[in-house]
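Q: Starting from these lines, generate the structure:
(one chain, ligands or ions: 1)
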Amino acid sequence: MKKLLITRDIAAPVIAQARDLFDVTVHDGGALDATASAQALRDYDAILPTLGDDFAAPVFDGDLRCKMLGNFGVGYNHIDAAAARAAGVTVSNTPDVLTDATADIGLTLILASARRAGEGERMVRSGAWGGFGPKNLLGTHVTGKTVGIIGMGRIGQAVARRCHFGFAMEVVFFNRSAKSVDFPARQVDTLAEAMGADFVVVTTPGGAETTRLIDKDALAAMKSSGIFVNISRGEVVDEAALIDALASGAITAAGLDVYENEPHVPDRLRALENCVLLPHLGSATAETRQAMGQMALDNIIAWARGEAPPQAVN
Ligand code: 8YV
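A: Next up is the predicted model:
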């Protein structure tokens, strides 16, 4: 039996199926650092890793037993897929199954940040609410506003659809290649133009090409009434510049699901009232997480049978 390492405890039915087909170890000690990943690549035939596990280029040096990484997650910026390929290791991911759940978190953050839901919750829980008031916690209207989508991939389109069909919003988007979609949405030529929308939602992949795409200058293109949402990867945004923009009032609010150095969230950010902070919940529904586990495992099974893993990325 081939040896499979699953680096976190995932849905029980997926683990049970894996145990029927492989000699399975489920790692229960949190994310793998580079030393643990390098060792795992020597000890196992296949690995089912996830976000936080360090599979940067150096871990692929030397003689590896492992030939397959079935990543749990669509984003795989924690894996150097080119270095893996060079070492003969196939990498797969889990697209599509998490698109709706992740887009729903985008809308959660648009609404929660616009309507000051975090502040309101804190007020009620702390006992500070004094009752209804015509001017209490006035937020920003969402319906009919413009949204700028940064990265019109699967998740970007799913957010845009919700904004258009659900909230009658005008959709503009910035995408590195030309893209046509089957609902009203206008592609703009510059990042700054999309940043000028009432709401900005970042849905690009992470990785070298998008690191700090949203820098100080990009944030400066936002309106002072603008609301910024990030559901992609923390490193896509210059977090310090975002904190400055929120603290100075250069932008009105933000809703974040991802951070530059997860799980570290800077004190300055946590102290700000005008942002809603979620702990990377994008795909966190029971149904979606099971589907992600199943897809990751299906790719590993295909590889074990000598077939091409359907969601291979390298
Ligand atoms: C995942 C995500 O849950 O799939 C992704 O890329 O960002 C999340 O929704 C997370 O990466 C764990 O795999």
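Q: what sits against Phe174?
A: Contacts for Phe174 (C-beta atoms under 8 Å, 6 or more residues apart in numbering) come out as Gly148, Ile149, Ile150, Gly151, Met152, Gln187, Val188, Thr190, Leu191, Glu193, Ala194. In this view, the C-beta of every residue, glycine as well, is placed from N, C-alpha and C.
Q: neighbour-wise, which of these leads?
A: Taking other C-beta atoms under 10 Å to define a neighbour, the member of the contacts of Phe174 with the most is Ile149, carrying 30 neighbours.
Q: show me the contacts for the spatially closest residue to that residue that is not a sequence neighbour.
A: In this structure, Ile149 finds its nearest non-sequential neighbour in Phe173, 4.1 Å apart by C-beta to C-beta, 6 or more residues apart in numbering. The contact partners of Phe173, taken as C-beta under 8 Å, 6+ apart, are Gly148, Ile149, Ile150, Met152, Gly156, Ala160, Lys179, Ala185, Arg186, Gln187, Val188, Ala194.
Q: and Phe173, that's in a strand?
A: Yes: using DSSP: H, G, I helix; E, B strand; the rest coil, the assignment for Phe173 is a strand.
Q: in the sheet, who's paired with it?
A: Beta-bridge pairing of Phe173, defined through DSSP bridges, involves Ile149, Gln187.
Q: Report the separation between it and Gly156.
A: 7 Å (C-beta to C-beta, to the nearest Å).
Q: what do the two both touch?
A: Both Phe173 and Gly156 are in contact with Ile149, Ile150, where contact means C-beta under 8 Å, 6+ apart.
Q: Pretty sure Pro310 sits against Ala296.
A: No: the pair Pro310 / Ala296 is not scored as a contact, 11.4 Å apart, by C-beta atoms under 8 Å.
Q: just the strands in the chain please.
A: Using DSSP state E, the strands assigned to the chain run over residues 3-6, 23-26, 46-48, 68-70, 90-92, 146-150, 170-174, 186-187, 199-202, 227-230, 253-256, 275-277.
Q: Check which helices and strands the shortest one is in contact with.
A: Contact here means 3 or more C-beta pairs under 8 Å, 6 or more residues apart in numbering; DSSP states H and E; on that basis strand 186-187 packs against strand 170-174.
Q: repeat for the last one
A: With contacts defined as 3+ C-beta pairs under 8 Å, 6+ apart, the packing partners of strand 275-277 are helix 99-114, helix 117-126, strand 253-256, helix 267-270.
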